[in-house]
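Engineer: Quick one: sequence and predicted model below, then my questions.
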Amino acid sequence: MEPEEVLDFICRRRSVRRFQKKTIPEETLTLLMKAAMAAPSGNNAQPWEFILVRDPQIKEELSRVHTWVYMVADAPAAVVVTGDQSSEWWEDDCAAATENLLLAAANLGLGTVWCGIKEHDAKKVRKILGAPERLGVLCIIAVGYPAESPSPHTKYRKEKVHWDRFGK
Ligand SMILES: Cc1cc2nc3c(=O)[nH]c(=O)nc-3n(C[C@H](O)[C@H](O)[C@H](O)COP(=O)(O)O)c2cc1C
């Protein structure tokens with residue numbers, strides 16, 4: 001791909017919160033897992049564990065963990081991104097894996113939204129999924145074929161870029 005094409009592709013990824021009722025093939029979900037696990041990680045620890053949720057009852061419970069995760073109920077799949085908290089970079093590593101997954105999904109014509117989870121809600125997520133306490137929960141990603149198509153945006157602001165020293 002040409003450099004401009006890569007940038008265009010990255011900018012086309014947008015958060016999607018409305019989905020078609022169309023099942024995602026298991027092979028497609030496996031591709032997303034491969035993309036996620038291709039991410040860099042501190043000391044190459046790869047502390048992530050991904051819980052792929054398709055069960056409607058479990059998605060419904062997850063969708064009530066906080067106000068802004070409601071779309072998980074109607075998405076055909078949700079990926080809960082967790083990491084072993086004994087690994088010092090687990091959040092960074094899981095964030096890198098999440099972005100890889102979002103971009104890979106966009107390339108497959110899938111929509112996603114990253115729903116952040118903080119520790120007070122992580123407890124609820126672990127309980128719903130029967131996950132051990134050692135796992136921190138970074139986010140829940142709703143995944144599905146889009147029923148809305150937000151326009152691409154670059155968000156580039158040159159004043160956010162500082163050359164050599166802050167403020168320059
Ligand atoms: C750490 C993090 C937490 C987020 N949490 C939520 C969330 O709980 N619910 C939601 O609808 N979107 C959530 N988002 C998505 C952002 O709202 C979205 O990325 C932002 O508005 C920019 O839009 P875009 O993704 O289309 O570029 C989150 C994104 C990040 C990176």
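Structural biologist: That came through fine.

Engineer: Within range of the ligand, give me the residues from the protein.
Structural biologist: Within reach of the ligand by CB under 6 Å from any ligand atom, the chain has these residues: 14-15, 17, 68-69, 113-116, 150. No exception for glycine: its C-beta is placed from N, CA and C like everyone else's.

Engineer: mind listing what the nearest residue to residue 19 once chain neighbours are set aside touches?
Structural biologist: Distances taken as CB to CB, 6 or more residues apart in numbering place residue 144 nearest to residue 19, at 3.1 Å, with adjacent residues excluded. By CB atoms under 8 Å, 6 or more residues apart in numbering, residue 144 lies in contact with 16, 19-20, 22, 24, 74-77, 110-111.

Engineer: most surrounded residue in those?
Structural biologist: residue 75 (29 neighbours; other CB atoms under 10 Å).

Engineer: Number of residues surrounding the residue in the chain that the ligand sits nearest to?
Structural biologist: Nearest residue of the chain to the ligand (CB to the nearest ligand atom) works out as residue 116 at 2.9 Å. Counted with other CB under 10 Å, the neighbours of residue 116 add up to 14.

Engineer: Make sure residue 147 is actually in contact with residue 22.
Structural biologist: No. Using CB atoms under 8 Å, residue 147 makes no contact with residue 22, being 9.5 Å away.

Engineer: sorry, back to before: compile the contacts of residue 144 into TSV and extend it with columns for secondary structure.
Structural biologist: Putting these into TSV (DSSP: H, G, I helix; E, B strand; the rest coil) gives the following:
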residue	secondary structure
16	coil
19	strand
20	coil
22	coil
24	coil
74	helix
75	coil
76	coil
77	strand
110	coil
111	strand
